[in-house]
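Engineer: pasted the sequence and its predicted model underneath.
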Amino acid sequence: MELYNKSASELSKMLRAKEVSAVEIADSVYKRIENVDDKVGAYLETNYEKAIKMAKKADEMIAEGKGTVMTGIPVAVKDNICVKGYKATCASKMLENFEPPYNAFVTENLIKAGAVITGKVNMDEFAMGSSTENSALKRTANPHDLSRVPGGSSGGSAAAVAAREAIVSLGSDTGGSIRQPASFCGVVGLKPTYSSVSRYGLVAFASSLDQIGPIGKTVADTAALYSVIAGKDSMDSTSLEANFNLSLASGGSLSGVKIGIPKQYFGDGVSAKVKELVMNAAKTLESAGATLVNVDLPGTDYALSAYYIISCAEASSNLSRYDGVKYGYRAENPKSLEELFVRSRSEGFGDEVKRRIMLGTFVLSSGYYDAYYKKAKLFQQKLKEEFKTAFRSCDMLLTPTSPDVAFRIGEIEDPLKMYASDICTVTVNLAGLPAVSVPVEGTKDNMPVGMQFIGKPFADAEILRVAGIYEDLIGGFKTQVKF
Ligand code: GLN
């Protein structure tokens, strides 16, 4: 088996046993990128020399006995996370030539751990979208069917792992952007508990909801990458110590584990086949010792509206910094300062970004603030309470990740229909909870289907543990691309 096909756990073992070098692994992944990325379009920027340099450092660390789980493992990084020496375009014309002068907290951690950064991957512009079609710079295809979208906004991160163009990757999740593309591409994606991964060096979309998280082919790989990026950082005032213990993220049994099935996530909007496959998975867990309980989360129906009010409000404020003066795109030959602002923003941002800035500005404007923003924040409080109540009768929840499998490129043109594809994921961000998407056994239209385990705050290890048991029960995830 080619090295690029292996999991991080397998490669890490081989590295420690000196059966392979980090340079050989990086080489294999780079050859794969050269062979398939013109089809998939996951990467916005690669740099072979830089990757080999990092791989050599990893080999030195291993030789000195300093290697850990991620040493020598190739990681692709979403293009809204700062990596010094690479651009951070956010797939926007606004930042097309922007090179950050510093590393994100997670990047620093990857470097310290001896991971090998393969490059920067595509996304929806400023992480706004569910298909990566909003990228102003590139089209990315789903590696399982090139006529379909990879999901979004971390479409490049999920596609790169599924197509074996990276061993693992980093994405960001504000309303589902790690979990939904993971489910569309048949890989694993974790949205960590809010505050457990520092947002320092992540270009802000909606700061109270944004979290960076890991994507991998297996649960163990996803957990390993998470163990390296989690942790308290004084540069992010919302950051807390996650106390994530990697050894607790695997093993054990399902006996005594109560899994809640919220009926609101299995409504009419969700494809019948997706519901059937997720319920089959629930029964598999039940036969292996878990207990299934029905829970009620009546607020779910209002979550999408609240999410799009809160996230747009925060985005309108966060994106006000792109004014054509400090950095980013600047309009040519403006006749006044005001024209410089207006034209730089009008020409630099894409349609979806502009739509959200306008929506966000509207819901925050005096006269409408109480009716929209304040109400949405009150609802968010109620939703948190509902989850708290649900967790009195179960340890975690199980739901579909997305109402359907990956749709065709160009198929969804109505923004409201696109927003509806986030129906199962946005609640988790509003409540600040951890959730992991894993592929279920079976496919729909030959495409992978994902299910999501939602945990209590800081129970990231526990949901990963149960997801890993499911992976073992079905003999490992089998969704492989055809090329
Ligand atoms: N699809 C959602 C949106 O468009 C989620 C985006 C995200 O999580 N970054 O806002």
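Structural biologist: Arrived safely.

Engineer: my guess is Ser172 meets Gly156, correct?
Structural biologist: No: counting by C-beta atoms under 8 Å, Ser172 stays clear of Gly156, with 11.6 Å between them. Every residue, glycine included, has its C-beta placed from N, CA and C.

Engineer: the least confident helix or strand in the chain by mean pLDDT: what's the following helix or strand?
Structural biologist: Taking mean pLDDT, DSSP states H and E as the measure, the helix or strand of the chain with the lowest value is helix 415-420, at a mean of 94. Under the assignment DSSP states H and E, the closest C-terminal helix or strand after helix 415-420 is helix 426-431.

Engineer: helices or strands up against the helix or strand just after that next one?
Structural biologist: Downstream of helix 426-431, the next assigned helix or strand under DSSP H and E is strand 435-444. Judged by 3 or more C-beta pairs under 8 Å, 6 or more residues apart in numbering; DSSP states H and E, strand 435-444 is in contact with helix 179-185, strand 188-191, helix 219-229, helix 272-287, strand 447-455, helix 460-473.

Engineer: so can I have CSV of these showing mean pLDDT?
Structural biologist: Below are the helices and strands packed on strand 435-444 laid out as CSV (pLDDT from 0 to 100):
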stretch, mean pLDDT
helix 179-185, 98
strand 188-191, 98
helix 219-229, 98
helix 272-287, 98
strand 447-455, 98
helix 460-473, 98
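
Engineer: of all those, which one is nearest Ser253?
Structural biologist: Ranking the helices and strands packed on strand 435-444 by proximity to Ser253 (C-beta to C-beta) places helix 460-473 first, at 7.6 Å.

Engineer: list the buried residues for that closest one?
Structural biologist: By 16 or more other C-beta atoms under 10 Å, the buried positions in helix 460-473 come out as Asp460, Ala461, Glu462, Ile463, Leu464, Arg465, Val466, Ala467, Gly468, Ile469, Tyr470, Glu471.

Engineer: please save the CA atoms from that helix in CSV.
Structural biologist: Taking C-alpha atoms only, helix 460-473 is exported to CSV below (Å, rounded to 0.1, in the frame of the first residue of the first chain):
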residue,chain,number,x,y,z
ASP,A,460,-14.6,15.5,23.2
ALA,A,461,-12.7,12.4,24.3
GLU,A,462,-15.9,10.5,25.2
ILE,A,463,-17.6,11.1,21.8
LEU,A,464,-14.4,10.2,20.0
ARG,A,465,-14.2,7.0,22.1
VAL,A,466,-17.7,5.9,21.1
ALA,A,467,-17.2,6.9,17.5
GLY,A,468,-14.1,4.8,17.5
ILE,A,469,-15.9,1.8,18.9
TYR,A,470,-18.5,2.2,16.0
GLU,A,471,-15.6,2.3,13.5
ASP,A,472,-14.3,-0.9,14.9
LEU,A,473,-17.7,-2.5,15.0
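
Engineer: so how far is that helix off the chain centroid?
Structural biologist: From the chain centre to the centre of helix 460-473 is a distance of 18 Å (C-alpha atoms, centre = their mean, to the nearest Å).

Engineer: which strands or helices does that helix pack on?
Structural biologist: Checked by 3+ C-beta pairs under 8 Å, 6+ apart, helix 460-473 has strand 188-191, helix 219-229, helix 272-287, strand 396-400, strand 435-444, strand 447-455 packed alongside it.

Engineer: out of the ones you listed, nearest to Ala51?
Structural biologist: helix 219-229 (16.8 Å).

Engineer: partner strands of the very next helix or strand once past the closest one and their direction?
Structural biologist: The helix or strand immediately downstream of helix 219-229 is strand 258-262, counting by DSSP H and E. Paired strands of strand 258-262, with direction, are strand 291-295 (parallel), strand 396-400 (parallel) (DSSP bridges).

Engineer: next one: the spatially most central residue of the chain from the ligand, what distance?
Structural biologist: With distances taken as C-alpha atoms, centre = their mean, Ile178 lies nearest the centre of the chain, 1.9 Å away. Ile178 sits at a distance of 7 Å from the ligand (criterion: C-beta to the nearest ligand atom, to the nearest Å).

Engineer: dihedrals phi and psi, that residue?
Structural biologist: Phi and psi for Ile178, reported as degrees, to the nearest 10, are phi -100, psi -50.

Engineer: and it, what is it in contact with?
Structural biologist: By C-beta atoms under 8 Å, 6 or more residues apart in numbering, Ile178 lies in contact with Ser154, Ser157, Ala158, Gly171, Ser172, Gly189, Leu190, Lys191, Gly213, Ile215, Ser437.
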